[in-house]
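**Student:** Okay, sequence plus prediction incoming.
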Amino acid sequence: MNFSKIFILRPVGTLLISFALTLLGILSFYLMPVAPMPKIDTPTIMVQGSLAGASPETMAATVATPLERALGQIAGITEMTSTSGQGSTSVIVQFDLDKDIDSAAREVQAAINAARSLLPSSMKTLPTYRKANPSDAPIVILSLTSSRFNRGQLYDLASSKL
């Protein structure tokens with residue numbers, strides 16, 4: 001017997017089944033828990049180093065490169081980004097989602113210590129690290145200026161109107 005023949009011979013039953021499935025779908029849609037922005041804590045650590053008066057090229061060659069090599073030995077890194085500027089360098093290390101941020105921080109500290117001998121001797125302090133959450137970054141940044149209002153009035157205006 002043909003499967004579709006059952007539904008062709010019983011149109012009322014087919015209509016009732018279709019109606020029940022439609023109601024079930026609508027009910028499931030409204031009962032489904034969905035967050036507009038899912039909360040994902042990406043294990044991310046930012047390493048910063050500074051060398052007074054060094055050019056961005058010098059920072060990239062003498063500070064960022066040894067740090068990147070040492071940090072690259074850590075298992076579970078998904079992305080590493082470095083930025084060098086006048087007298088400072090920043091390396092952002094992003095780990096797998098299942099990596100514990102505290103163990104990653106210990107491994108980053110060990111990598112910084114391992115790179116100590118490769119860093120310039122003129123660096124006064126070792127590079128520092130801090131845990132970061134990329135989802136905490138602001139979406140919009142506003143700046144207000146006025147010739148009529150002082151800073152306090154601008155703050156009040158922004159907090160009450162914006």
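**Tutor:** Sure, I can see it. In this text the structure is predicted, and so the values were computed from the model without any measurement.

**Student:** Can you give me the distance of A60 to P127?
**Tutor:** According to C-beta to C-beta, to the nearest Å, A60 and P127 sit 14 Å apart. All C-beta atoms are positioned from the backbone trio N, CA, C, and that covers glycine.

**Student:** Looking at these two, which is more packed in?
**Tutor:** A direct count of neighbours by other C-beta atoms under 10 Å for A60 and P127 places P127 higher, at 24 against 17.

**Student:** so who does the more buried one touch?
**Tutor:** Going by C-beta atoms under 8 Å, 6 or more residues apart in numbering, P127 touches V47, Q48, G49, V63, L67, T89, I112, L119.

**Student:** try it again with 6 Å
**Tutor:** By C-beta atoms under 6 Å, 6 or more residues apart in numbering, the contact set of P127 is V47, G49, I112.

**Student:** Next step: these restricted to helices.
**Tutor:** I112 (DSSP state H).

**Student:** And I92, its phi and psi?
**Tutor:** Dihedral angles of I92 (phi, psi; degrees, to the nearest 10) stand at phi -110, psi 120.

**Student:** Could you tell me how many residues sit around it?
**Tutor:** Neighbour tally, I92, other C-beta under 10 Å: 16.

**Student:** And the contacts of P127, which is closest to F95?
**Tutor:** The shortest approach to F95 among the contacts of P127 belongs to V47, at 13.0 Å (C-beta to C-beta).

**Student:** Quick check: pLDDT value at the residue nearest to the spatial centre of the chain.
**Tutor:** Centre of the chain computed as the mean C-alpha position; nearest residue by C-alpha atoms, centre = their mean is P134, 2.8 Å away. On the pLDDT scale, P134 is placed at 70.

**Student:** Equivalent analysis for the one 3 residues further on, please.
**Tutor:** In this model, A137 is scored at 72, pLDDT.

**Student:** cool, A105 as well?
**Tutor:** 91.

**Student:** same deal with T58?
**Tutor:** At T58, the pLDDT value in this model is 89.

**Student:** That one belongs to a helix?
**Tutor:** Yes - counting by DSSP: H, G, I helix; E, B strand; the rest coil, T58 falls inside a helix.

**Student:** To what extent is the nearest residue to it once chain neighbours are set aside buried, counted in neighbours?
**Tutor:** Leaving aside its sequence neighbours, T58 sits nearest to L51 (C-beta to C-beta, 6 or more residues apart in numbering; 7.4 Å). Burial of L51 is recorded as 21 neighbouring residues (other C-beta under 10 Å).
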